[in-house]
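[1] Build me a model from this:
(one chain, ligands or ions: 1)
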Amino acid sequence: MPVEELNQEERDSWMRALPEWSLAREGKAIERSFEFADFSEAFAFMARVALIAEKRDHHPEWFNVYNKVDVTLTTHDAGGLSLKDMKMAKAIGSLL
Ligand SMILES: C[C@H](O)[C@H](O)[C@H]1CNC2=NC(N)=NC(=O)C2=N1
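    Below you'll find the model as predicted:
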């Protein structure tokens, strides 16, 4: 089933509900940086996100250095942001 890209109004409404996330890539992605006590905590977070990603078949782009994890969400199949990214962002936030 094709995944629809959100229109600007839907996108902006979701962004108000996800204030910790920022638009990136000219509105085609959202990003958020996380900081933990150490690498072990950061990697534990990534492991939990990985399980959610597999369950949803929706995978983050991310970059980790020691205790920091930068997460970018976008939907390749939609060529931009979809509901999947926003729901994933919400699920990631509820892990903390
Ligand atoms: C075939 C499979 O459904 C797709 O490749 C999935 C897997 N994970 C994905 N993750 C993300 N972020 N975007 C996608 O479009 C996507 N598509």
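
[2] Spell out, range by range, the helices that occur in the chain.
    8-17, 39-56, 83-93 (DSSP state H).

[3] Could you tell me which residues of the chain lie near the ligand?
    57-59, 74-77 (CB under 6 Å from any ligand atom). No exception for glycine: its C-beta is placed from N, CA and C like everyone else's.

[4] of these, buried ones?
    58, 74-75 (16 or more other CB atoms under 10 Å).

[5] need the contact list for Ala24.
    30-31, 72 (CB atoms under 8 Å, 6 or more residues apart in numbering).

[6] For these, which single residue is the most surrounded?
    When neighbours are taken as other CB atoms under 10 Å, the top entry among the contacts of Ala24 is Ile30 (24 neighbours).

[7] Once you drop chain neighbours, what's closest to it?
    Trp21 (4.5 Å; CB to CB, 6 or more residues apart in numbering).

[8] thinking again about what came up before, out of the residues of the chain next to the ligand, flag the one nearest to Asp38.
    Within the residues of the chain next to the ligand, proximity to Asp38 (CB to CB) peaks at His59, which comes in at 24.8 Å.

[9] so how far is Pro19 from the closest one?
    Distance, His59 to Pro19, by CB to CB, to the nearest Å: 24 Å.

[10] repeat for Ala91
    16 Å.
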